[in-house]
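Asks: no sequence on hand, only this structure:
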């Protein structure tokens, strides 16, 4: 009985990992492919990467999901079913939009999906922590990542092949909406109940909500204030210069976040305030946040426009990119993560972060070589037709040798870096506030992935792809330097010996 119950819990974590990973590519790489084939320019595609901003802000509303319980279904299951049903509806809405004919509505739908996806991630992280026993957490974490990567193979790889074969991105998004609706049914019917949830903070719910509203008001006020300041300095928010537009975006974020936090503390958003106080009370809290942002920054730059680079810049087909970059590539990422896990049994966290960080830096040179050498420089090989039920290739496909090499190196090294990075995030969490702390840390981890996108679009158009990928190599250097500088603090996280 105990064994069956344990298997039930672990299987639930695997399924939820899949549900968590599915929406990410649908507002990321898959959406970029849709935009590319619909004729949207590279700089605009880069700016649309900002729809992922909710992933960087999710720690602001995560405390609400800890503090309040939806009726009938319980705190974790209730929020899971709600977010998954809303995700399915939002995907249906996005499928009905045209990126080129209705860009504003399309961007709004993508932003809503990213918000709901980030909210689902908050609940899944909390559920996984609550439902697993201590002895199951290592295996549970691995199964969660495995499910997450499988979903990315579907939404980020197989989706591109479907789009090529069906000639319709809206149809692909309708299928993904059906999968999310099925996930909601699974969450409602099949997930094991949480045996013992920690009680929410005993705070005044009305004051919590007023604090949350005050925080939102502070964020909006900060965004508008930054806009007025820049206009007062003579800048035009409607300037066709993409660099000027980027200044308005980044200035808004820079002022909105601290002003929102100040308002939350002033009015009394206690669940957020106590969680944040707990994190920042630890030694080196700000330095670790800087490390989290910088460690995968070079990786984020290189990956932010990889799909438009391969499709529009290099002329590869959607199917070839889907096969190499999204299916084979993600399996190689899984391999890299597993290899890193085995290596980390013999080395400490600092050594892993340093070594895998250097590999990430070197892997970006593969895209530089591809941009300089061009398609066909290293020959090609033929991939035989296949039919796996959910996806098929009905004719032989020529796969570029240099493309395959660059993607293989980048994904293996990226998987290794991610394994060490996740271990770092786990080591920084206070178990009393695991859900909110993990939301905070993972939000900062998403900063690079989200905010480099508009800069990447502007840079690639300004300096060209070869120079852009050399720039991504330089952007990987600060993260490695930060690891070396913080080596004693990193070693001390788990009481390791250097």
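Replies: Good, I have the coordinates. This structure is a prediction, so every number in the text was calculated from the model and none was measured.
Asks: residue boundaries of the strands in the protein?
Replies: For the chain, the strands defined by DSSP state E cover 380-383, 386-387, 392-393, 397-400.
Asks: mean pLDDT lowest where, among these?
Replies: Looking over the strands of the chain, mean pLDDT reaches its minimum on strand 392-393, with a mean of 59.
Asks: all helices for the stretch 151-300 of the chain, in order.
Replies: Ranges of helices in the stretch 151-300 of the chain, per DSSP state H, counting those that start in this stretch, are 159-166, 169-189, 205-232, 242-267, 270-280, 285-295, 297-304.
Asks: of these, which is nearest residue 45?
Replies: Residue 45 sits nearest to helix 297-304 of all the helices of the stretch 151-300 of the chain, at 9.7 Å, using CB to CB. The way it works is simple: take the backbone N, C-alpha and C, and place the C-beta from them, glycine included.
Asks: could you measure from the closest residue to residue 62 other than its chain neighbours over to residue 265?
Replies: Spatial nearest neighbour of residue 62, excluding adjacent residues (CB to CB, 6 or more residues apart in numbering): residue 439 at 3.9 Å. Distance check for residue 439 against residue 265: by CB to CB, to the nearest Å, it reads 18 Å.
Asks: of the two, which one has the most company?
Replies: residue 439 (28 against 18; other CB atoms under 10 Å).
Asks: pLDDT score for the more buried one?
Replies: Confidence at residue 439, expressed as pLDDT, is 81.
Asks: looking at it, it is touching residue 56, isn't it?
Replies: No: assessed by CB atoms under 8 Å, residue 439 is found out of contact with residue 56, at 10.4 Å.
Asks: run a quick neighbour tally on the nearest residue to residue 367 once chain neighbours are set aside.
Replies: Spatial nearest neighbour of residue 367, excluding adjacent residues (CB to CB, 6+ apart): residue 469 at 4.5 Å. Residue 469 has 23 neighbouring residues, counting by other CB under 10 Å.
Asks: where does the stretch 301-450 of the chain dip in pLDDT?
Replies: Applying pLDDT under 70 to the stretch 301-450 of the chain flags residues 326-327, 330, 337-338, 341, 345, 386-394, 430-433, 435, 447-450.
Asks: now do the helices in it.
Replies: According to DSSP H, counting those that start in this stretch, the helices that the stretch 301-450 of the chain contains are 306-308, 318-321, 329-343, 349-373, 401-427, 434-463.
Asks: and the fifth one, what's buried?
Replies: If you call a residue buried by 16 or more other CB atoms under 10 Å, then helix 401-427 has these buried ones: 402-404, 406-425.
Asks: hmm, residue 31 is touching residue 38, no?
Replies: No: judged on CB under 8 Å, residue 31 makes no contact with residue 38 at a distance of 10.4 Å.
Asks: who's more crowded, those two?
Replies: residue 31 (26 against 15).
Asks: neighbours around residue 344, how many?
Replies: By the measure other CB under 10 Å, the count of residues near residue 344 is 18.
Asks: so who does residue 62 touch?
Replies: By CB atoms under 8 Å, 6 or more residues apart in numbering, residue 62 lies in contact with 122, 435, 436, 439, 440.
Asks: what do you get for residue 87?
Replies: Contacts of residue 87 (CB under 8 Å, 6+ apart): 23, 113, 116, 117, 120, 177, 180.
Asks: quick one: the closest residue in space to the last one that isn't next to it in sequence from residue 173, how far?
Replies: Of all residues not flanking residue 180 in the chain, residue 88 sits nearest, at 4.1 Å (CB to CB, 6+ apart). Taken as CB to CB, the spacing of residue 88 relative to residue 173 amounts to 11 Å.
Asks: residue 343 too?
Replies: As judged by CB to CB, residue 343 and residue 173 stand 39 Å apart.
Asks: when these two are compared, which one has more neighbours?
Replies: Neighbour totals were compared for residue 343 and residue 173, and residue 173 leads with 26 against 16 (other CB under 10 Å).
Asks: which residue packs closest to that one, ignoring adjacent ones?
Replies: With sequence-adjacent residues excluded and distances taken as CB to CB, 6+ apart, residue 173 is closest to residue 95, at 3.8 Å.
Asks: ok, now how distant is that neighbour from residue 110?
Replies: Shown here: residue 95 relative to residue 110, a distance of 12 Å by CB to CB.
Asks: of those two, which one has the most company?
Replies: Per other CB under 10 Å, whichever of residue 95 and residue 110 has more neighbours is residue 110, with 24 against 18.
Asks: surely that one and residue 49 touch.
Replies: No: the pair residue 110 and residue 49 fails to qualify as a contact (CB under 8 Å) at a distance of 9.8 Å.
Asks: so who does residue 329 touch?
Replies: 157, 407, 408, 410, 411.
Asks: what about 7 Å?
Replies: Shown in contact with residue 329 (CB atoms under 7 Å, 6 or more residues apart in numbering): 407, 411.
Asks: gap between residue 469 and residue 372?
Replies: Going from residue 469 to residue 372 by CB to CB gives 9 Å.
Asks: just residue 258 next, same as before
Replies: Note on residue 258: its distance to residue 372, by CB to CB, is 42 Å.
Asks: same question for residue 222.
Replies: For residue 222, the distance to residue 372 equals 43 Å [CB to CB].
Asks: okay, these two: which has more neighbours?
Replies: residue 222 (23 against 12).
Asks: contacts only, for the more buried one.
Replies: With contact taken as CB under 7 Å, 6+ apart, residue 222 is in contact with 255, 256, 259, 260.
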